[in-house]
Each structure stands twice: as structure tokens, then as C-alpha cells.
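J.: When you get a sec, could you give me coordinates for this:
(2 chains)
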Amino acid sequence: MAVTAQPRLDAQRIRADFPIFEHPVHGKPLAYLDSAASSQKPRQVLDAMTTFYETSYANIHRGVYDLAERATEAYEAARETVRGFVNAPAAREVVFTRNVTAAMNVVAYGWGLDNLGPGDLVVATELEHHSNFVPWQYIAGRTGAEFAVVPVDAEGELLLDDLDALLARGRPKVVACAAVNNSLGTILPVSRLVEWAHGNGAIAVVDAAQAAPHTALDVQALGADFVGLTAHKLCGPTGIGALWGRAELLEAMSPFELGGHMIRKVTVERTTWNEIPHKFEAGTGAIAEAVGFAAAIDYVTEAGLSAVERHEHELTEYALARLAEIPGVRLFGPPADRRVGIVSFALDGIHPHDVAQIVDAEGVAVRAGHHCNQPLMAKLGVGATTRASFYLYTLPEEIDRLAAGLHSARKLFS
Amino acid sequence: MSELDSLYREVILDHYKNPRGHGVIEGADAEAEGQNPLCGDEVSIAVAFDGDRIADVKFQGRGCAISQASTSMLMDMVKGRTAEEVAAMSREELLDEVGIPLTPVRLKCALLGLGVLKLALHKGRGTPLPGEWAGLDELELK
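T.: Modelled structure (predicted):
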């Protein structure tokens, strides 16, 4: 990675776009170090949604009046924005979903139920968020397929050499992998996993929830078959995300949710499905949220993903160094050059919940828990970690405040 | 730090660092384990009876100061009581003893031990398990 060629980002200027930072927490300025759980929202996104509600709102797709047409246009323009953001070949390959969990359920139920059976193998990695793990484990169980994981070692490193050994367990049909792990920030070797999947006759289903906010995503370069991303982690609203899938797979797939809008013709005897992507968008969707999703993509794109990447890389290096200075801190995960802006750690003798509560008193928001990564936590030998995660508005002094809070915690528990 | 001082008051930290009734009971009359799935707190509790009354109760676990300290306090509180008395014990009784302000999330930490104890007695002695604790039974108890 040619770090020096990347443009710089002015985090102070960016912060001014985020109203949340105007509000103190416990009388202290907010140091929001939980962006991997959900990012804060810039005024541009909030304004786009409010303006849409105030000027262009109606239900979409079937109305013939002007307002409905404008609302439909805004919704479909948002789909086009998402298409461009992930470099998908066509907007009809972009399905709006609630979030990545919902996206993975669309694939697991829609593709999995029809295509999996005894003798088949579903592979997930031990670095998966539960969103791309639990649906596959469940659907494998429902269909009689074998479910196996690519394990990690005690440091959380994926053991890719174990991949071929999995072939003894069944015919690979699905490989589910995250592009970036949400607990440790590890950047996974997705290309290698996709290549292995395709080389062995499986589809590759990629969870890009943690990757999309930080690195440019190109689904064509990635070569995967399905990719899920979510708006709320990249400055957008909650309740909206997207599933990209290859048109031929989406077309052949059964719908997951059934009901309004996803139909072509309904009679008492039978129902036929709408064309893609509408076949997978049952019911009234999150319309204003889609508009907000597009505004968020515009915002992050304007800031420049390569600048965001560089900014986070610098913060991560700084955080790893600062935290390593603190006695009793155990850092998890790979070196800074193989992760995004996520730092998970344990403080000797103090549970992550207590750590999070103590630093919260200083206005520092960090997450404590298993981060929806229970198999990984088990491998690391901990029930939970404390996680600090960064984004384009994060400042180095916020990491200093976290470090100071950790010193306070050690003092309190000494 | 005044909020923190009240949350992590001396008695909580003392119970956390020096838990009472920590350990196992060989051939226990009632046992259960439970987790707080929100944060990964884990507690297992074993009870030995002398007739109707709890003669000994011990716990093992890992988790935050609040979950472990409140379970430790609970061990002191229930010795000598009957299974029925503990089954009917209110959460307020324990929370009064813990005596710190708790947010809803931390409330789950503070009440984990009581839930596991009630589950142990339910399994070992057939005492009723109030609905609010029934979910514990569905957890994978290791």
C-alpha cells in the first residue's frame, strides 16, 4: 500500500459536520470510539432525509402522481448510487435490505434452501460476524448439509492451510467470509477464499459491513457472488443496507420475504414474482433511509475513501502504540497494516464491561462484549474484549483520553 | 469520578477481588450455569442442602465486577434459607444489598447470579422458576 500517495483528511473540519459532537457526555466532550458498531451521522445525511420527507415523500413504485414519481426516482437514484459505490455491473443486481444480517438471510434462505442438501458443505470462517455465520449454520442444519469453519489460531489469524482438509467433509457449495472482521479489524484474504470457493464449485458470500466504510469496494474485482453492506456503519441511517448479487443467481433464486411489491401477478391459485431486485424487496421499504444511504455514500466519497483509509491507519498505529504502553493491556489482532481502524484489547483483572463503564465517565464511548463474534472470542480465550474503533471524524487526542481512562481503571481496581 | 466511586464502591471491589463462597461442591444437590449473552458474564452455582436448608452454596464464574460481586454477596445472603425462600426471593432484596445505581444493561449483570441460583434450585429441587428467569434455561449450559 503506497501510503504516501494517499491524500490527507482534515478530521477537525469533518467533525464540524456531525451534530452529535456538539453535545457533551457526562459533562465531557464526546470521544466516540464505537464506529464499528455504528457510525455517527453528518448533517448532510440528516438534511437529505429531512428534505426528502419535506418535499418529495410518497410511497414508491405504483403511484402515478407527481410526488410518487419523484419519490420513486429518488429511491432508484439511491440504488444507482449504491451500484456505483460497489462498482456493480447493473443497478438491478442491487437489492435494498435492512442490514447485512437481512442480506445474508436473503441468500441463506433464498439460495441455500433450494441448493443445499446432504453431502454438501457450507464453509464459514471463524472470523465471521454472526450475521454471515448463524444463517448458514442454520440453513445447513435445515437442509442436511455439513457446516464447517476455516479456523483461526490463538492470535486470531485465519489458518488458510486448513482449507483443503475441509474437502473431506463434503462438496463445497458456499463459502461465507467477511472482508474485514469486526472485533479485531483483520482484513481477510477474500480473494483467496473466493478463488478457493470457485475452484471447488462453491459460491462466495462476502460480508462487507466493516470493509465498505473504510476501503473502496469493487464487487467485480472481488469476484464474489454475493456481497452485503450496510448504511449505518458508513455515516448513513439505520434500517437500510444492500445485497449485491450476480444477476443470474438472483434471477434463479427463490424470494425470501413474500408479500407486497415483490409480485408480478397474484391469483387465488398462484403467484408469480416481480423482476429483480424487486423480487427481494417485499413490502414498503425504507425509502427515506435509501435516500440517506445515497447521501452517506456521497459524503464518504467526497471525503475520499483513500484519505479515510490513511487517516484510520495512522490512528490505528497510534492507538496500538499508546495502549501497548499501559501495563496489563493485552492487544488482540494483526499489525496495523493488516487491519482497519479497530483495536480490541483486554485489561488484566478488569472485565471489559467495567473498563467501558469507567472510560464512559470520561465521555469516551467504547464497546465491551463479544461483538457478535462468540466463536472467535472462544478461540482467543476471552469471553469479551473492549473495542475501540475509529472513523473519519476520530482524533488522536480521543485515543489519549481512552489511554487516560484505562489508567484510571487500573487505579480504581488496584 | 463521583458516579464511578458510587458504582465501584469499596464493597463491590472487595467482593470482586475476594469473592465469598468461590469454588465447587462435590456431589452438590443442585447445580446450574448461566451466561449473560449481552456481555459474556458467566456464573455457575452449586448448592448443598442439610434437610430443607441450604448448608453450603458456592459459585464459579468470570465476568465484570458487578456480576461477580453481586453473586458473591448472594452466597452470603442465602445460606440457611430453604429452596422455596430463595425461589421467592425478590430481585430488590439483592439489589438493596448491592446498593449501587445500575443502568438497565448493568442490571442484567447484577442479577445473573440470582437467576442462576433460582435455576439450580428449579432443576435440583423443583421450585418454581419465575418467567423472567425462564430464558436462562434455554441457554447452552456448559
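
J.: For A:Ala176, which residues are in contact?
T.: Counting by C-beta atoms under 8 Å, 6 or more residues apart in numbering or on different chains, A:Ala176 touches A:104, A:122-125, A:128, A:132-133, A:136, A:205, A:207. C-beta here means a position set from N, CA and C on the backbone, and glycine is covered the same way.

J.: Looking at the residues you listed, which one is closest to chain B?
T.: Using C-beta to the nearest C-beta, A:Phe133 is the member of these that sits closest to chain B, with 15.2 Å.

J.: burial measure for the closest residue to chain B within chain A, as a count.
T.: Using C-beta to the nearest C-beta, the single residue of chain A nearest to chain B is A:Gly383, 3.3 Å away. Here the count is done by other C-beta atoms under 10 Å in any protein chain shown, and A:Gly383 has 23 residues near it.

J.: For the contacts of A:Ala176, give me TSV that also has secondary structure.
T.: Below are those laid out as TSV (DSSP: H, G, I helix; E, B strand; the rest coil):
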residue	secondary structure
A:Met104	helix
A:Val122	strand
A:Val123	strand
A:Ala124	strand
A:Thr125	strand
A:Glu128	coil
A:Asn132	helix
A:Phe133	coil
A:Trp136	helix
A:Val205	strand
A:Asp207	strand
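
J.: Of those residues, which is the most crowded?
T.: Of all the contacts of A:Ala176, A:Asp207 has the most neighbours under the rule other C-beta under 10 Å, reaching 33 neighbours.

J.: Quickly list what that residue is bridged to.
T.: Judged by DSSP bridges, the bridge partners of A:Asp207 are A:Ala178, A:Gly228.

J.: Okay, and the residue most central in space within chain B sits in which element?
T.: For chain B, B:Gly113 is the residue whose C-alpha lies nearest the centre (C-alpha atoms, centre = their mean; 1.8 Å). Element membership of B:Gly113 [criterion: DSSP states H and E] is helix B:104-125.

J.: what helices or strands is that helix leaning on?
T.: Here helix B:104-125 touches helix A:352-360, strand B:30-36, strand B:41-50, strand B:53-62, helix B:65-78, helix B:83-87, helix B:91-98, helix B:131-134, going by 3 or more C-beta pairs under 8 Å, 6 or more residues apart in numbering or on different chains; DSSP states H and E.

J.: Out of these, flag the one nearest A:Val308.
T.: helix A:352-360 (24.5 Å; C-beta to C-beta).

J.: now the angle between helix B:104-125 and that closest one, please.
T.: Interaxial angle, helix A:352-360 versus helix B:104-125 (axes from the mean of the first three to the mean of the last three C-alpha atoms, to 10 degrees): 160 degrees.

J.: A:Gly381: what's it in contact with?
T.: A:Gly381 makes contact with A:Ala154, according to C-beta under 8 Å, 6+ apart.

J.: do the one 10 residues further on as well
T.: Remark: with contacts taken as C-beta under 8 Å, 6+ apart, A:Tyr391 is in contact with A:35, A:39-40, A:213, A:308, A:312, A:341.

J.: And what about it, helix, strand or coil?
T.: Here A:Tyr391 is coil, with the state taken from three-state DSSP.

J.: For A:Ala403, see how far away it is.
T.: Distance check for A:Tyr391 against A:Ala403: by C-beta to C-beta, to the nearest Å, it reads 19 Å.

J.: ok, now A:Ala209?
T.: With the distance defined as C-beta to C-beta, A:Ala209 ends up 28 Å from A:Ala403.

J.: Those two: which is more packed in?
T.: For A:Ala209 versus A:Ala403, neighbours defined as other C-beta under 10 Å are more numerous around A:Ala209 (27 against 18).

J.: Return the residues in contact with the closest residue to the more buried one other than its chain neighbours.
T.: Nearest non-adjacent residue to A:Ala209, counting by C-beta to C-beta, 6 or more residues apart in numbering or on different chains: A:Val100, 4.4 Å away. A:Val100 makes contact with A:129, A:131-132, A:207-209, A:228-230, A:241 under the criterion C-beta under 8 Å, 6+ apart.

J.: at 10 Å instead, please
T.: For A:Val100, the contact set (C-beta atoms under 10 Å, 6 or more residues apart in numbering or on different chains) comprises A:129, A:131-132, A:178, A:206-210, A:212, A:227-230, A:233, A:241-243.

J.: Distance of A:Pro352 relative to B:Gly34?
T.: Remark: distance between A:Pro352 and B:Gly34 (C-beta to C-beta) = 19 Å.

J.: Lovely, talk soon.
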